[in-house]
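Q: A predicted structure for the sequence below; I have some questions about it.
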Amino acid sequence: MQADVIVIGGGATGCGIAWDLSLRGIRVLLVEKGGLGAGTSGRYHGLLHSGARYAVSDPATAAECARENGVVRRIAASAVIGTGGLFVLAAHDDPSYVERWVRACNAAAVRVREIPVAEALSREPGLDHGIRRAFEVSDAVCNAFSLCSLLARAAEARGATILTHHDTTEFLREGGTIAGACARDSRTGSMVELRARLTILAAGPWNALLARRAGASLSLALARGSMLAYEGLLVRGAVNRLQPPGDGDILLPRGNVSIAGTTIVATDDPDDRTVSAEEIERIQDQIAAIIPAIRGMPVKHSWSGVRPIFDEGTESEARTDPHQWSRDFTVVDHAVTDGVEGLVTIVGGKLTTFRLMAERTVDVACRVLGKSAPCTTSTTPVG
């Protein structure tokens with residue numbers, strides 16, 4: 001099979017890249033080892049971030065989330081539910097953090113509006129009556145599987161080829177250039193040879209393994225996050241604890257359940273699916289400070305996903321605390337970093353910023369391919 005570009009990874013970013021490439025008239029072939037969204041995208045809590053969570057600790061990511069939140073709502077409306085959200089100061093949380101957070105939100109153009117505590121309690125009857133301050137934000141809920149499907153179908157409509165359940169087993173080399181890859185169909189065992197001028201790795205926490213398989217180097221730290229599902233809707237919108245980013249600081253509605261999360265635990269395994277009893281207890285204790293009803297409720301389901309969130313520019317003292325790792329992203333051209341031509345990797349980021357990540361990646365792809373075509377994904381609806 002032949003294309004201009006092979007994209008490895010069928011999560012939101014990989015599907016977004018395939019869509020962007022197809023809009024720019026570039027032939028693309030997307031390869032995913034499972035189903036669309038089967039990796040990190042399908043294992044997140046579902047929040048379309050307003051940016052407020054990162055305003056103090058990661059202002060660049062906060063600003064990106066603030067911009068992309070509105071874009072994703074417009075272009076993928078059928079995958080998004082505009083629940084809105086609140087940040088609330090719990091009874092025993094540090095009140096001095098609030099003004100610092102508000103200043104940071106304003107600096108990053110993250111829209112926040114303080115509302116009376118009584119109004120917050122009216123909107124969210126399950127809130128602890130001891131909360132001291134409340135702020136409205138533009139959080140929403142996004143269905144990652146719907147989003148990936150919308151993007152893939154839109155790319156296919158413009159000529160893209162989507163191969164799911166195909167595991168990339170090796171890369172094809174011509175001298176110092178990656179000329180494609182071989183993939184195995186996990187359902188039949190048959191092999192397919194894929195050829196392209198450029199291969200893009202968009203497989204999240206599996207990128208480092210794939211890069212090594214291609215003869216390139218990629219330093220990537222990983223963090224596992226656990227989430228809990230509870231029967232019924234404990235909140236109407238996303239409710240965030242107004243404190244520095246930590247474990248168990250958000251509860252949001254998804255369908256007929258409420259999702260609580262998340263933890264951040266360093267790991268070396270992109271397939272780590274651990275959910276420890278200690279993590280479950282920690283999430284419950286933290287959420288109970290703002291939604292007391294969660295204490296003692298049975299957990300309907302628990303799961304975890306691994307995220308590549310480490311920024312190599314992080315100061316050394318922050319490296320030991322995954323909560324301080326940046327959620328920003330980087331596009332790596334391995335021709336520049338490793339002398340391996342025909343290979344590009346997108347590293348880091350969040351589902352909320354998938355479209356921007358795709359745009360920056362395809363900009364690099366166009367440069368490598370010698371193409372000149374503008375990005376139109378911010379104004380082109382997919383559903």
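A: Noted; the coordinates are in hand.

Q: Now tell me which helix or strand of the protein has the poorest mean pLDDT.
A: strand 265-267 (a mean of 92; mean pLDDT, DSSP states H and E).

Q: What lies in contact with the helix or strand following it?
A: Next in sequence after strand 265-267, counting helices and strands by DSSP states H and E, comes helix 277-288. The set of residues that contact helix 277-288 without belonging to it, under Cβ atoms under 8 Å, 6 or more residues apart in numbering, is 226-228, 241, 246-249, 251, 260-263, 265, 294-295, 299, 302. C-beta here means a position set from N, CA and C on the backbone, and glycine is covered the same way.

Q: and with 6 Å instead?
A: S226, L228, D247, G248, L251, A260, T263, I294, R295 (Cβ atoms under 6 Å, 6 or more residues apart in numbering).

Q: so which of these comes closest to A38?
A: Lowest distance from A38 to those (Cβ to Cβ) belongs to S226, with 18.1 Å.

Q: in what helix or strand does L172 lie?
A: strand 166-174.

Q: For that strand, give the mean pLDDT please.
A: Averaged over strand 166-174, pLDDT sits at 97.

Q: chain center to whichever helix or strand comes after that strand, what's the gap?
A: Using DSSP H and E, the helix or strand that follows strand 166-174 towards the C-terminus is strand 177-185. Per Cα atoms, centre = their mean, to the nearest Å, the displacement of strand 177-185 from the mean C-alpha position of its chain is 26 Å.

Q: just checking, what packs against the following helix or strand past strand 177-185?
A: Using DSSP H and E, the helix or strand that follows strand 177-185 in sequence is strand 191-195. Contacts defined by 3 or more Cβ pairs under 6 Å, 6 or more residues apart in numbering; DSSP states H and E place strand 191-195 against strand 177-185.

Q: count of neighbours near S146?
A: 16 (other Cβ atoms under 10 Å).

Q: Next SSE downstream of the strand or helix carrying it?
A: S146 is part of helix 144-157, with elements assigned from DSSP H and E. Next along the chain after helix 144-157, taking DSSP H and E as the criterion, comes strand 161-163.

Q: List the strands paired with that following strand, with their directions.
A: In the sheet, strand 161-163 lines up against strand 28-31 (parallel) (DSSP bridges).

Q: Give me the mean pLDDT for the strand it pairs with.
A: Strand 28-31 comes out at a mean pLDDT of 98.

Q: Rebuild the contacts of helix 277-288 as TSV, extending it with distance to S22 and pLDDT.
A: Below are the contacts of helix 277-288 laid out as TSV (distance: Cβ to Cβ, whole Å; pLDDT from 0 to 100):
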residue	distance to S22	pLDDT
S226	35	97
L228	38	98
D247	39	92
G248	40	93
L251	37	98
A260	37	97
T263	37	95
I294	43	96
R295	49	92
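
Q: Kindly provide the distance from L47 to R100.
A: The gap separating L47 from R100 is 22 Å, by Cβ to Cβ, to the nearest Å.

Q: So those two - more neighbours on which side?
A: It is L47, of L47 and R100, that has more neighbours when counted by other Cβ under 10 Å, with 25 against 13.

Q: Phi first, then psi, for the more buried one.
A: phi -80, psi 130 (degrees, to the nearest 10).

Q: which residues touch it?
A: Counting by Cβ under 6 Å, 6+ apart, L47 has contacts A238, L252.

Q: Closest one to A134 out of the contacts of helix 277-288, please.
A: Nearest to A134 among those, counting by Cβ to Cβ, is L251 at 14.3 Å.

Q: From the rest of the structure, what touches whichever strand or helix holds that closest one?
A: Element membership for L251 (DSSP H and E) is strand 250-254. Applying Cβ under 6 Å, 6+ apart, the contact partners of strand 250-254 are 46-47, 141, 233, 235, 238-240, 258-260, 287, 291.

Q: neighbours of the closest residue in space to F329 that isn't next to it in sequence, just the number please.
A: In space, and not counting its chain neighbours, F329 is closest to G349: 3.5 Å by Cβ to Cβ, 6 or more residues apart in numbering. A count of neighbours around G349, defined by other Cβ under 10 Å, yields 27.

Q: thinking G349 is in contact with T330, fair?
A: No: the pair G349 / T330 is not scored as a contact, 8.7 Å apart, by Cβ atoms under 6 Å.

Q: Quick one: residues contacting the residue nearest to A140 when sequence neighbours are not counted.
A: Excluding the flanking residues, the one nearest A140 by Cβ to Cβ, 6+ apart is L48, at 4.1 Å. By Cβ under 6 Å, 6+ apart, the contact set of L48 is N69, A140, C142, T352.

Q: hang on, the last one in a helix?
A: Yes: checked against DSSP: H, G, I helix; E, B strand; the rest coil, T352 lies within a helix.

Q: need the contact list for S226.
A: T263, V275, E279, S304.

Q: could you dump the residues you listed to a markdown table with neighbour count?
A: Putting the contacts of S226 into a markdown table (neighbours: other Cβ atoms under 10 Å) gives the following:
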| residue | neighbour count |
| --- | --- |
| T263 | 24 |
| V275 | 20 |
| E279 | 23 |
| S304 | 21 |
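
Q: Surely T199 forms part of a strand?
A: Yes: assigned with three-state DSSP, T199 falls within a strand.

Q: Might one say that it is in contact with V5?
A: No: using Cβ under 6 Å, T199 is not in contact with V5; the gap is 7.4 Å.

Q: So between the two, which is more surrounded?
A: T199 (30 against 26).

Q: Start and end of stretch 156-170, how far apart?
A: Counting by Cα to Cα, to the nearest Å, you get 25 Å between the two ends of stretch 156-170.

Q: how much space between T377 and E32?
A: For T377 relative to E32 (Cβ to Cβ), the value is 20 Å.

Q: what about these two, which has more around it?
A: E32 (28 against 23).
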